[in-house]
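okay, sequence plus prediction incoming.
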Amino acid sequence: MFETIKLWAKSLKRDVVALWIAARDPRTPWLAKGIAAFVAAYALSSPIDLIPDFIPVLGYLDDLLVVPLGIAVALRLIPPALMIEFRREAGIRSICPRSVVPAGFVIGVWLAAALAFGYWFWLHVR
């Protein structure tokens, strides 16, 4: 059973890289491109998450739901022949792509939430 989980995780990682490639390919339909870009950015910007991992249950639940469900949706929208090509290319790439843009986006969301909470607190509690 452990070996099955290990293979699933490895294929999940390959699919994330394949979606990163698909998001940049002009042959990918625009809706699939958007979803693929979001899922790849979310998965590859780790350890920065929308819900931090130190929050009990929810911190890991978002990783267990967002990434696999996002991959499943993107895979349904990308033509199978293209996805085979993207997976092949992802298998060849040994270095996982990194980008500061997704990390900046998530940090921006958290800062905006903190500012909104601070403003609400200032208006109602002071």
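Good, I have the coordinates. Numbers count the residues shown, from 1 in each chain.

contacts, neighbours, all on C-alpha from now
Will do.

okay, now the unreliable bits of the protein?
Within the chain, the stretches with pLDDT under 70 are 45-59, 62, 94-99, 126.

and the residue most central in space within it, how close does it get to Ile21?
With distances taken as Cα atoms, centre = their mean, the residue of the chain nearest its centroid is Tyr42 (2.6 Å). As judged by Cα to Cα, to the nearest Å, Tyr42 and Ile21 stand 14 Å apart.

repeat that for Leu44.
For Leu44, the distance to Ile21 - Cα to Cα - is 12 Å.

which non-adjacent residue is nearest Val66?
Spatial nearest neighbour of Val66, excluding adjacent residues (Cα to Cα, 6 or more residues apart in numbering): Val39 at 7.6 Å.

tell me the helices and strands packed up against the helix or strand where the one you found lies.
Using DSSP states H and E, Val39 sits within helix 30-44. Judged by 3 or more Cα pairs under 8 Å, 6 or more residues apart in numbering; DSSP states H and E, helix 30-44 is in contact with helix 2-23, helix 58-77.

tell me the first helix or strand C-terminal of the last one.
Sequence order places helix 80-92 as the next helix or strand after helix 58-77, per DSSP H and E.

so what touches that next one?
Arg14, Asp15, Val17, Ala18, Leu19, Ile21, Ala22, Thr28, Leu75 (Cα atoms under 8 Å, 6 or more residues apart in numbering).

what's the most distant pair in those residues?
Arg14 and Thr28 (17.6 Å; Cα to Cα).

just to revisit the earlier point, just the buried residues of the contacts of helix 80-92.
Arg14, Asp15, Val17, Ala18, Leu19, Ile21, Ala22, Thr28, Leu75 (16 or more other Cα atoms under 10 Å).
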